[in-house]
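In: Predicted coordinates and the sequence they were generated for:
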Amino acid sequence: MSANSPRLSVVIPVCNEQNWIDRCVDALSASARAADWPIELVVVDDGSTDATPEKLATLGKRYDIAVLSQANAGRFAARAAGLAKASGEWVLLLDSRVIVDIGSLSFLQEQLKESPDRMVWNGHIAVASEHNPYAGFMAGLVKIGWRRYFSDPRLTSFGIDDFDSYPKGTTLFCAPKELLEASVAAFSSLFEDTRLSSDDTRMLRWIAERRRINLSPEFSATYHGRDSLKKFAAQSFFRGTTYVDSYLASPGPARNAMFGALAVGVAGLGFAAKRPKTTVAAGVAGAVAAGAVVKRCGGTTAEARAVTTLLPLFATGFAAGLLRGLFLALRARSRRGPLGATLVALNANAAAAIRMAPREREPHP
């Protein structure tokens, strides 16, 4: 182990990922060996019903892993349980579908030793999209939303003032344990059920108010997204719900985009009732234009094609999720006190969306 290396714990929440958890742990362990950096690994099984527990038992024979099991309570609760178990000075949060690049922990180790002021790190995430159009769609959206970084990836940092302009998430995220524990303690959601809450954005916003978050292509990993139409539709719906929790209470471009999308959706429904053919044509043109924007923002041809093809489905599911999120926020707030007129006006439509929505277990994003 390199001299003066900080003690690092890695927390991985997992739910029904029998096909990915061993790949994730193998890649993480390889990166740790390349860095000559012993790590403490804590995996929290969040109520898996597939062969994930058996996979974890097998992994436990190859690596020293602390495995915690709990009834399904969502990714936030799983991470909090893992964080409480971790003993390292620094904690790396990692998702089970993420394959850490071999040199990532070497880079992180060097930065934590040589640049102690850079104490919070968000991973540079590449999406495996070449043969997966559903993952390609999400990768294309990222290229548009966070084009400031992806147009020229390099070592940089952001704080609360430019929080919405940079990629962030707890897919691959490292910070001092005390800071993460404080962010968990300060966590609050607009929803009563934290399984539906925006666990990553709300945590990271709190952290960004106190410490700058660093990004670099050298601290990187590859994310493997959902790979079926059914899973893509469920994820679109879920992301719409968590978007409300992420941005409704935070003024800025992201919240403005949410209300703008809702306004366009309502207007579109009215227009579709009068001129359905024109509406379909406009939707197709919009999808093609979105694909072209992805290409201009540095996306691949496959990603641009995926956005063009899947945008109508995503928009429908995401809008339904937004309505569900607004309804959940309204219901939670109504039990605490008055809510703003905007949410009250949307209550009826949100309730209808809830009745039509699928009732499968919410996936870990």
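Out: Thanks, I have it.

In: which residue sits closest to residue 225 in space, ignoring its chain neighbours?
Out: For residue 225, ignoring the flanking residues on the chain, the nearest one in space by CB to CB, 6 or more residues apart in numbering is residue 135 at 3.1 Å. In this view, the C-beta of every residue, glycine as well, is placed from N, C-alpha and C.

In: ok, now which ones touch that neighbour?
Out: Residues near residue 135 by CB atoms under 8 Å, 6 or more residues apart in numbering: 127, 128, 129, 223, 224, 225, 226, 227.

In: can you do 7 Å?
Out: By CB atoms under 7 Å, 6 or more residues apart in numbering, the residues touching residue 135 are 127, 128, 129, 224, 225.

In: From residue 34, how far out is the residue nearest to the second one when sequence neighbours are not counted?
Out: Once flanking residues are discounted, residue 128 sits nearest to residue 224: 4.9 Å by CB to CB, 6+ apart. As for residue 224, its distance to residue 34 is 21 Å (criterion: CB to CB, to the nearest Å).

In: So these two - more neighbours on which side?
Out: residue 224 (20 against 14; other CB atoms under 10 Å).

In: how about the more buried one, what does it touch?
Out: Per CB under 7 Å, 6+ apart, neighbours of residue 224: 20, 97, 128, 135.

In: burial measure for residue 152, as a count.
Out: 9.

In: what do you get for the one 3 residues further on?
Out: Residues contacting residue 155 under the criterion other CB under 10 Å number 15.

In: Same check on residue 114?
Out: 9.

In: mind listing what the helix or strand hosting residue 217 pairs with, with the direction of each?
Out: Using DSSP states H and E, residue 217 sits within strand 213-223. Sheet pairing of strand 213-223 (DSSP bridges) gives strand 98-100 (antiparallel), strand 121-127 (parallel), strand 156-158 (antiparallel).

In: can you give me the helices for the stretch 151-300 of the chain?
Out: Listed in chain order, the helices of the stretch 151-300 of the chain (DSSP state H, counting those that start in this stretch) span 177-186, 199-208, 229-247, 253-274, 276-296.

In: can you check the stretch 1-150 of the chain too?
Out: With DSSP H, counting those that start in this stretch as the criterion, the stretch 1-150 of the chain has helices at 21-34, 52-62, 75-85, 104-114, 133-145, 147-150.

In: Out of those helices, flag the one nearest residue 280.
Out: If you check each of the helices of the stretch 1-150 of the chain against residue 280 by CB to CB, helix 133-145 wins as the nearest, at 20.0 Å.

In: and the closest one with strand 213-223, angle?
Out: 160 degrees (axes from the mean of the first three to the mean of the last three CA atoms, to 10 degrees).

In: what mean pLDDT does helix 133-145 have?
Out: Here helix 133-145 scores 91 as its mean pLDDT.

In: now the strands paired with strand 213-223 as JSON lines including distance to residue 39?
Out: Formatted as JSON lines, these follow (distance: least, CB to CB, whole Å):
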{"stretch": "strand 98-100", "distance to residue 39": "11"}
{"stretch": "strand 121-127", "distance to residue 39": "15"}
{"stretch": "strand 156-158", "distance to residue 39": "24"}
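
In: how about those, which one is nearest residue 321?
Out: Nearest of those to residue 321, taken as CB to CB: strand 121-127 at 20.4 Å.

In: In that closest one, which residues are buried?
Out: Neighbour-count burial for strand 121-127 flags 121, 122, 123, 124, 125, 127 (criterion: 16 or more other CB atoms under 10 Å).
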